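Asker: 3D, please:
(4 chains)
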Protein chains: 2
Amino acid sequence: MTDTKKRIIESAINIFNEDLSAPLQKVADNAAVTRRTLHRYFKDRNELVAVCKQTIESSCKKAMISAIQSSDDALIQLERMLYAGIDCGAKYSVFYKLHQNKDHKHTHQNKNCADYDHIYNQFQHIIIELQKEGKVNPVMSPEWIQVLHSGIIESTVNARETTTKSFEEIKELAWTSYIKAITP
Amino acid sequence: MTDTKKRIIESAINIFNEDLSAPLQKVADNAAVTRRTLHRYFKDRNELVAVCKQTIESSCKKAMISAIQSSDDALIQLERMLYAGIDCGAKYSVFYKLHQNKDHKHTHQNKNCADYDHIYNQFQHIIIELQKEGKVNPVMSPEWIQVLHSGIIESTVNARETTTKSFEEIKELAWTSYIKAITP
DNA sequence: TTCAAATGTCACAAATTTGAGAAATCTTTA
DNA sequence: TAAAGATTTCTCAAATTTGTGACATTTGAA
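Answerer: Have a look, this model is predicted:
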């Protein structure tokens, strides 16, 4: 894939994340190309949106799986999943919203949904394991912890733009806050 | 203000929160009125957006001030500010984004900005007070706690649509997680 | 029931956005 | 430097969105 195409996709993800109906001119501006160039890479708006979604699905999935597989220790897996989400940036927000959205038909027939569920099951498994070990508050359901998890990722990503702190510092703060929030 | 007008504004806030460029037809549909009716209440899109912003500013401000004034105890003030934010729903997300947004010119000349800063100063004051009392982790800057605060509000509001739990239950979970995250 | 206010239906022009052709310009590399 | 490929510029028609006039229908209060 060319560099330009990648740049357009990244820009589109960032713009569409906040404003799905934004004019393509905005996306083009953000990617520092002409609208004409954008249309040479993508037949139409629908195609661009579809490619964005697919990019999001595959890159988030990859990052999450890799975080899980990076260790046998549930606590470290959880920490790395948090960092992976933060590193995915706006992509993670959309990834999460895509499947949680109430007018999204979540079904196992859809490969993306099946993969999402697979990752979420692993996440649940990690939480339950940590609850057994007494490292996570048993009163909090895995469902709620998932909400908290994505919430902290999203706000950390947003904070990156406003704060004076370094990216590493806020990632550390995010993990500290998160783990303290869920320990018994 | 008529009921219809209020409903249009509420719908617009919810739609524009996720998609600022959404066609007005979407807003009209969501408010269960025709586009023609919408245009009878609002001259044009700009006016609608402006009214939404003003509604957000004033209702969030009101809710926050009232939470702060409801007690002398900093811990209770903080808890009520969290609940107030959650009760504001999508409005709070926009309120926060409006002023934190990097291309927003934040200036005291603007009454809304001045009010926002006033509230934020009070928030900071509460955090610093709690840190003095040893109830909040001194390592976490008020700046970061503000990020966490709005992040937890936003994800709790979103969770409301997906979770099976009652609204009261998730509000409680939100506060528990939040306070545990920031206690020393 | 009756009238007035609110809302809906339909139609239409203006504005904006979209998508693509044609030729000019810039970049890369052989 | 010359040729090939990528991008920009300019243009334009089609599609969509926007705002409004004219009139019909519904609703609520007297």
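
Asker: element containing the residue lying closest to A:H108 once chain neighbours are set aside?
Answerer: For A:H108, ignoring the flanking residues on the chain, the nearest one in space by Cβ to Cβ, 6 or more residues apart in numbering or on different chains is A:A114 at 4.9 Å. Every C-beta, even on glycine, is put in place using the N, C-alpha and C of the backbone. Applying DSSP states H and E as the criterion places A:A114 in helix A:111-132.

Asker: re the thing from before, so the residue nearest to A:H108 versus B:S166, what's the distance?
Answerer: Separation of A:A114 from B:S166 (Cβ to Cβ, to the nearest Å): 30 Å.

Asker: contacts for the helix-or-strand element of chain A with minimal mean pLDDT?
Answerer: Lowest mean confidence among the helices and strands of chain A (mean pLDDT, DSSP states H and E): helix A:90-100, at a mean of 88. Contacts to helix A:90-100, defined as Cβ atoms under 8 Å, 6 or more residues apart in numbering or on different chains, come from residues A:13-14, A:16-17, A:52-53, A:55-57, A:59-60, A:85-86, A:88, A:104, A:106, A:112-113, A:116, A:150, A:153-154, A:157, B:158, B:162.

Asker: helix or strand for the residue sitting furthest away from the middle of chain A, which one?
Answerer: Within chain A, A:R36 marks the point farthest from the mean C-alpha position, 29.9 Å out by Cα atoms, centre = their mean. Element membership of A:R36 [criterion: DSSP H and E] is helix A:35-41.

Asker: is that helix up against DNA strand C anywhere?
Answerer: Yes. Contact of helix A:35-41 with DNA strand C (Cβ under 7 Å from any atom of the strand) involves A:R35, A:R36, A:H39.

Asker: now, among those residues, which is nearest to DNA strand D?
Answerer: Ranked by distance to DNA strand D (Cβ to the nearest atom of the strand), the residues of helix A:35-41 next to DNA strand C are led by A:R36 at 3.4 Å.

Asker: pLDDT of stretch A:107-121, averaged?
Answerer: Average pLDDT, stretch A:107-121: 91.

Asker: just want the angle from whichever strand or helix holds A:A181 to helix A:111-132.
Answerer: Taking DSSP H and E as the criterion, A:A181 maps to helix A:167-182. Orientation note: helix A:167-182 sits at an angle of 60 degrees relative to helix A:111-132 (axes from the mean of the first three to the mean of the last three Cα atoms, to 10 degrees).

Asker: run through who's touching the top helix by length along chain A.
Answerer: Under DSSP state H, the helix in chain A containing the largest number of residues is helix A:45-69. With Cβ under 8 Å, 6+ apart as the test, helix A:45-69 has contacts from A:8-9, A:12-13, A:16, A:20, A:24, A:27, A:38, A:42, A:77, A:80-81, A:83-85, A:87-88, A:91-92, A:94-95, A:98, A:112, A:115-116, A:119, A:122, A:126.

Asker: that one close to DNA strand D?
Answerer: No. Figure legend: helix A:45-69 not in contact with DNA strand D (Cβ under 7 Å from any atom of the strand); closest approach 9.6 Å.

Asker: not counting its own residues, what contacts the helix or strand following that helix?
Answerer: Once the chain leaves helix A:45-69, the next helix or strand it forms, by DSSP H and E, is helix A:74-88. With contacts defined as Cβ under 8 Å, 6+ apart, helix A:74-88 is touched by A:59-60, A:63-64, A:66-68, A:70-71, A:92, A:95, A:123, A:126-127, A:129-130, A:133, A:135, A:149-150, A:152-153, A:156-157, A:171, A:174-175, A:178-179.

Asker: let's go with 6 Å and repeat that
Answerer: Contacts with helix A:74-88, where a contact means Cβ atoms under 6 Å, 6 or more residues apart in numbering or on different chains, come from A:60, A:63-64, A:67-68, A:70-71, A:92, A:126, A:129-130, A:153, A:156, A:171, A:175.
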